[in-house]
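> Have a look; sequence and predicted model below, questions after that.
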Amino acid sequence: MIRSELVSEVAAANPHLTVRDVEALVTTIFDSITAALASGRRVELRGFGAFSTRDREARTGRNPRTGTAVKVDAKRVPFFKPGKELRERLNVG
């Protein structure tokens, strides 16, 4: 599902909201999650899952085209851990 499909489904399920209002809500939610992760905080949505960041250490990688060694800097990457309810709904049966 892409962002526009999410907006369409939420707007269809809530006819009292305009598509423009739903788009603003979705943007606000995503921006809030992004800002929290950027500041090092964890975001937990009960029943859905938790977003956090993980640190990756610096390492030596390889350029796939030439095979030469390339230095890859340390970085933080987003991480998602699904909640119990989400896992159960995915693994029904």
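Yes, it's here.
> all strands of this protein, in order?
Using DSSP state E, the strands of the chain run over 43-45, 49-56, 59-62, 69-72, 75-82.
> can you redo those strands as JSON lines with mean pLDDT?
Converted to JSON lines, the strands of the chain look like this (pLDDT from 0 to 100):
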{"stretch": "strand 43-45", "mean pLDDT": "97"}
{"stretch": "strand 49-56", "mean pLDDT": "97"}
{"stretch": "strand 59-62", "mean pLDDT": "96"}
{"stretch": "strand 69-72", "mean pLDDT": "96"}
{"stretch": "strand 75-82", "mean pLDDT": "97"}
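> okay if I get these as CSV plus distance to Ile29 and mean neighbour count?
In short, each C-beta sits where N, CA and C put it, glycine included. Converted to CSV, the strands of the chain look like this (distance: least, CB to CB, whole Å; neighbours: other CB atoms under 10 Å):
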stretch, distance to Ile29, mean neighbour count
strand 43-45, 10, 13
strand 49-56, 12, 14
strand 59-62, 34, 10
strand 69-72, 32, 10
strand 75-82, 15, 12
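> Tell me the spacing between the closest residue in space to Ala58 that isn't next to it in sequence and Gly40.
Spatial nearest neighbour of Ala58, excluding adjacent residues (CB to CB, 6 or more residues apart in numbering): Ala74 at 4.3 Å. The gap separating Ala74 from Gly40 is 15 Å, by CB to CB, to the nearest Å.
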